[in-house]
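In: what follows is a predicted structure for the sequence shown.
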Amino acid sequence: MRKTIAGMIQQAIDAQPCYQVARDAGQPAEEVERLRLQAESLYQAVTEYQLRALGGESATRH
């Protein structure tokens, strides 16, 4: 499946509240950390995509 930048951005936006709800609800630390890392990773992917699209260099290149 091919992802669009709009879809990637939406995933990142949706991930943040999931993390915050889990944190505020007192979910186990492992679950909160997993959701935090997921949200952070999605935002990082969007940022790197945008940098490459604008001709800049991203922090990592696979």
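Out: Done, it's in. Residues are numbered from 1 along each chain as shown.
In: which residues does the nearest residue to residue 50 once chain neighbours are set aside contact?
Out: Spatial nearest neighbour of residue 50, chain neighbours left out: residue 5 (7.5 Å); criterion: C-beta to C-beta, 6 or more residues apart in numbering. Placement of C-beta: from N, CA and C, glycine included. Residues in contact with residue 5 (C-beta atoms under 8 Å, 6 or more residues apart in numbering) are 46, 49-50, 53.
In: tell me the centre residue of the chain?
Out: What sits nearest the mean C-alpha location of the chain, by C-alpha atoms, centre = their mean, is residue 42, with 1.7 Å.
In: list the buried ones in the helix or strand containing that residue?
Out: Residue 42 belongs to helix 29-53 when assigned by DSSP states H and E. If you call a residue buried by 16 or more other C-beta atoms under 10 Å, then helix 29-53 has these buried ones: 32, 35-36, 38-39, 42-43, 45-46, 48.
In: the residue nearest to the centre of the chain against residue 7, yeah?
Out: No. The criterion here is C-beta atoms under 8 Å, and residue 42 misses it with residue 7 at 10.7 Å.
In: hang on, the earlier thing: export the contacts of residue 5 to a markdown table and tack on distance to residue 17 and pLDDT?
Out: Shown next, in a markdown table, are the contacts of residue 5 (distance: C-beta to C-beta, whole Å; pLDDT from 0 to 100):
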| residue | distance to residue 17 | pLDDT |
| --- | --- | --- |
| 46 | 16 | 93 |
| 49 | 22 | 91 |
| 50 | 22 | 90 |
| 53 | 26 | 89 |
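In: wait, which of those residues is closest to residue 18?
Out: The closest of those to residue 18 turns out to be residue 46 (C-beta to C-beta; 16.3 Å).
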